[in-house]
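[1] here are the coordinates; sequence isn't available:
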């Protein structure tokens, strides 16, 4: 449909990235809003509904026709039934978000997991374009992944597929917020890297950026980075053994380190290969627009399935 757009929202723990996206991935308009998570889950839902309504109105005012709504949220998501099952970031527990959106806006809606829709966007429009088997790994405050095959994300039986960060790579190691010890996220996430460096160096409130920026001058920074790369290679080679993808797309804040991350990671993964095939390792191409674009693609897919 000419001039059609999808109202797309990528809901995070602190902020929402929002856009009007055409079927070819063109972003016509962008907005950012606070999530208001501190006010509780119902306030977050009402905020999402208000922002989505405003975007639909903006589309019509600009001569565009909103045809669907796509929403990406963190946590465990039942995409088939449109339910935000659980999210510690925004307090969701069994929220029928798709139904609430459809009721308020009168438009068909789709609900997806934030990393999974980011993976769909990278596979179809970004760094994995043209590849049939793509693993998108988001390495930021936490670590999660999305397996995308022929442009479709794999959800798992309970909507919880892709929890790469909770592969145990260091048994008995650092406690993870999930309750286990030695999870990949507890060693190699940006948060864990910053905390480990703070512990060893005494630098208060250290971040992963501090570590990367000091690699040439600080032995402790090099040690922390080496530990993180080793664990990340262990986790990703496990993922490759399971999924045998042709391309591994790295996104999230840590991927901003570029070749400082990609080159040693590739080298360490190659050392661990036996009979597995090495995937191409590339940096994500869409930046923080991936979530909105992926949410829009999911909504368009939903429209097709309903047709």
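    Looks like it arrived, so ask away. Here the structure is a predicted model, which is why all the values come from computation and not from measurement.
[2] where along the stretch 51-200 of the chain do the helices fall?
    For the stretch 51-200 of the chain, the helices defined by DSSP state H, counting those that start in this stretch occupy 97-105, 114-125, 185-188, 190-201.
[3] which of those helices is buried the deepest?
    Each of the helices of the stretch 51-200 of the chain was scored by mean neighbour count; the highest is helix 114-125, a mean of 29, by mean count of other C-beta atoms under 10 Å. The way it works is simple: take the backbone N, C-alpha and C, and place the C-beta from them, glycine included.
[4] could you list the buried residues of the longest helix seen in the chain?
    Counting by DSSP state H, the longest helix found in the chain is helix 219-243. For helix 219-243, burial by neighbour count (16 or more other C-beta atoms under 10 Å) applies to 220-221, 224-225, 227-240, 243.
[5] what do you get for stretch 278-289?
    Here stretch 278-289 shows 279, 281, 282, 283, 284, 285, 286, 288, 289 as buried, counting by 16+ other C-beta under 10 Å.
[6] what does stretch 244-254 give?
    With the criterion 16+ other C-beta under 10 Å, stretch 244-254 contains buried residues 245, 247, 248, 249, 250, 251, 252, 253, 254.
[7] average pLDDT across that stretch?
    For stretch 244-254, mean pLDDT is 97.
[8] return the distance of it from the chain's centre.
    Computed by C-alpha atoms, centre = their mean, to the nearest Å, the chain-centroid distance of stretch 244-254 equals 11 Å.
[9] what residues does it touch?
    Under the criterion C-beta atoms under 8 Å, 6 or more residues apart in numbering, residues 118-119, 122-123, 126-128, 131-141, 143, 147, 189-190, 193, 208, 236, 240, 261-262, 265, 276-277, 279-284, 290 lie in contact with stretch 244-254.
[10] with stretch 160-169 instead?
    By C-beta under 8 Å, 6+ apart, stretch 160-169 touches 76, 113, 115-116, 137, 142-147, 154-156, 176, 178, 180-185, 187-189, 231, 234-236, 238-239.
[11] how does it look with 7 Å?
    Applying C-beta atoms under 7 Å, 6 or more residues apart in numbering, the contact partners of stretch 160-169 are 76, 115-116, 137, 142-147, 154-155, 176, 178, 180, 182-185, 187, 189, 231, 234-235, 238-239.
[12] how long is it from one end to the other?
    End-to-end span of stretch 160-169 (C-alpha to C-alpha, to the nearest Å): 19 Å.
[13] give me the mean pLDDT for that stretch.
    Averaging pLDDT along stretch 160-169 yields 95.
[14] now swap in stretch 128-137 and tell me
    Rounded mean pLDDT across stretch 128-137 is 98.
[15] any idea how far residue 250 is from residue 60?
    For residue 60, the distance to residue 250 equals 38 Å [C-beta to C-beta, to the nearest Å].
[16] quick one on the thing from earlier: out of the buried residues of stretch 278-289, who's nearest residue 94?
    Distances from residue 94 to the buried residues of stretch 278-289, taken as C-beta to C-beta, are shortest for residue 288 (28.2 Å).
[17] nearest residue to that closest one other than its sequence neighbours?
    residue 17 (6.1 Å; C-beta to C-beta, 6 or more residues apart in numbering).
[18] and what of residue 293?
    residue 121 (4.1 Å).
[19] so the one you found sits against residue 297, correct?
    Yes - with contact defined as C-beta atoms under 7 Å, residue 121 and residue 297 form a contacting pair (6.3 Å).
[20] can you list the domains in this protein?
    Here the domain parsing of the chain from automatic domain parsing is 4-118+288-306, 130-284.
[21] buried deepest among those domains, which one?
    Comparing the domains of the chain by mean neighbour count (mean count of other C-beta under 10 Å), domain 4-118+288-306 ranks first with a mean of 20.
[22] okay, now it: how far is its last residue from its first?
    Across its full length, domain 4-118+288-306 reaches 17 Å between end residues, using C-alpha to C-alpha.
[23] sweet, I'm off.
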